[in-house]
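Novice: Got a predicted structure plus its sequence, pasted below:
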Number of protein chains: 2
Amino acid sequence: MSGVRAQQKEKTRHALIQAALKHLCAENSFSSLSLREVAREAGIAPTSFYRHFQNMDELGLTLVDEGGLALRQLLRQSRQRIANGGSIIEVSVHTFMDYITRNKNIFRLMLQEQAGTTQELRLAIAREIAHFTNELRDFLIVERKTDERIAKAQSDAIVRIVFSAGADALDLTGDDLRKLTDQTILQVRMIARGALSLHNTN
Amino acid sequence: MSGVRAQQKEKTRHALIQAALKHLCAENSFSSLSLREVAREAGIAPTSFYRHFQNMDELGLTLVDEGGLALRQLLRQSRQRIANGGSIIEVSVHTFMDYITRNKNIFRLMLQEQAGTTQELRLAIAREIAHFTNELRDFLIVERKTDERIAKAQSDAIVRIVFSAGADALDLTGDDLRKLTDQTILQVRMIARGALSLHNTN
DNA sequence: CATTTCAGCTAACAAGTGTACGCTGAATTT
DNA sequence: AAATTCAGCGTACACTTGTTAGCTGAAATG
């Protein structure tokens, strides 16, 4: 029942995932990563790859799903920090930037394949982002009593800006990163204020 | 002096550019486009490609530059329409969406390679976007007397949102496209109002 | 008219790719 | 203890890729 065999299989599956992630950087996109490369890095024969994934796209899908999961967990932490008092905007943006700088490769994958070649991957990424947007929208409606149409546009705008800034954050460190983060916070504040203003006048 | 020869060369150079553009769609990214494919489509031998570009990256750079040029020209038109009266926000967003739907492939290229593998291309695209942002920022400072820091954040936010929405617009038509455009206008309004609000209180 | 230039060609290469096929041996099941 | 399963392997095949080297013939130059 312990499953020595299944355990070993899970292990090399993980090795494949790690191998793929390792090769993702500014110079190597996921779509330019070959099955053979991944297999080599993971220490198995190319043909053994098929024991774990039907093709590279399926591996990519797995990466996106795992990345999305990590993101959502972080968001939950973020919401807790807000519940304990603290600016929702500041905390959220900082949380997001932290996530990105600590999971650069997964985020890069999402950025690259968001406009990439494989429809399935594109959809998966769109789904992850929608997840993000919807949670924020619901928060705005329930906690902030925001009008639905406004809340939808507002959450969508915020997510777009934060993701876009996140893309730029990948190549920054230190003071530049701090500046970008501050500007992003300012921008999200703009949206929040603007939404409130439109809310009250319409 | 007429240059029958130079004329012919320019012609096949154009054919190469068109061939590359033709193959850009949701299913074929620029980075997955091979030199041989482009040459085949343009009707020349693979090796003749080198008579025009040193490598594929140089072709990509050319595409980005040409796309950026078209975009800037459109922006100028847009600004004229504003001078003749009309909401700057509405006109600008509509102009942008028009550009995208009419130049889908160039815009796709920019989206795909914005987070792509070739540094030179990435930088070129970043430059084009910065161009966009800077012109808007200057407009805000000069015409709208906006504080510089606010103007910078505001223009940056607007460009981020419009580009991001543009990416989604690529796959939409008819009513969906109209809805997205309307929402984008609303979002830009939010930012404008929020910027004004922050401007007056700080 | 003689010479030079040069866009485009063919042939060829080494390297890398995805994937089909069938084998092996250890883990698992019966 | 015998039978089955199956993760991983090696071999092999048919392609595609970028790039080199050298030729050709028409256009440009003097």
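Specialist: Looks like it came in fine. Note that the structure is predicted; figures quoted are calculated from it, not measured.

Novice: care to break chain A down by domain?
Specialist: Split into domains by automatic domain parsing, chain A comes to A:1-53, A:56-201.

Novice: Pick the most deeply packed of those domains.
Specialist: Compared across the domains of chain A, domain A:56-201 shows the largest average neighbour count, a mean of 18 (mean count of other Cβ atoms under 10 Å in any protein chain shown). (C-beta placed from N, C-alpha, C; glycine too.)

Novice: Just the endpoints, please. Distance across it?
Specialist: 52 Å (Cα to Cα, to the nearest Å).

Novice: same question, stretch A:78-90
Specialist: 10 Å.

Novice: Contacts for it, please.
Specialist: With contacts defined as Cβ atoms under 8 Å, 6 or more residues apart in numbering or on different chains, stretch A:78-90 is touched by A:91-92, A:95, A:139, A:185, A:188-189, A:192.

Novice: Over to stretch A:24-41?
Specialist: A:16, A:19-20, A:22-23, A:45-46, A:48-49, A:55-56, A:59-60, A:63, A:104-106, A:108-109, A:112-113, A:116-118, A:170-171, B:29, B:31-32, B:115-117, B:119, B:122.

Novice: ok, which of the residues you listed also contact DNA strand D?
Specialist: Among those, the residues lying close to DNA strand D (Cβ under 7 Å from any atom of the strand) are A:45-46, A:48.

Novice: Near chain B, which residues of chain A are found?
Specialist: Residues of chain A lying near chain B by Cβ under 8 Å from any Cβ of the partner chain: A:26-29, A:31-32, A:108, A:111-112, A:114-117, A:119, A:122, A:150, A:152-154, A:156-157, A:160-161, A:163-165, A:167, A:183, A:186-187, A:189-195, A:197-198.

Novice: where along chain A do the helices fall?
Specialist: A:4-23, A:35-42, A:56-83, A:88-102, A:104-114, A:119-144, A:148-169, A:174-201 (DSSP state H).

Novice: Alongside DNA strand D, which residues does chain A contribute?
Specialist: A:5, A:8-9, A:11-12, A:43-48, A:51-52.

Novice: now, among those, which is nearest to residue B:68?
Specialist: residue A:46 (41.2 Å; Cβ to Cβ).

Novice: So, low pLDDT: which residues of chain A?
Specialist: A:1-2, A:202 (pLDDT under 70).

Novice: go with 90
Specialist: Applying pLDDT under 90 to chain A flags residues A:1-4, A:25-27, A:66-96, A:98-99, A:117, A:131-132, A:135-136, A:143, A:198-202.

Novice: okay but residue A:113 is in contact with residue A:123, surely?
Specialist: No: if you go by Cβ atoms under 8 Å, residue A:113 and residue A:123 don't touch, sitting 10.4 Å apart.

Novice: Tell me the spacing between residue A:55 and residue A:35.
Specialist: According to Cβ to Cβ, to the nearest Å, residue A:55 and residue A:35 sit 8 Å apart.

Novice: ok, of the contacts of stretch A:78-90, which one's closest to DNA strand C?
Specialist: residue A:95 (35.8 Å; Cβ to the nearest atom of the strand).

Novice: And the closest residue to the closest one other than its chain neighbours, how far from DNA strand C?
Specialist: Computed as Cβ to Cβ, 6 or more residues apart in numbering or on different chains, the closest residue to residue A:95 that is not its neighbour in sequence is residue A:78, at 4.1 Å. Residue A:78 sits 38 Å away from DNA strand C, taking Cβ to the nearest atom of the strand, to the nearest Å as the criterion.
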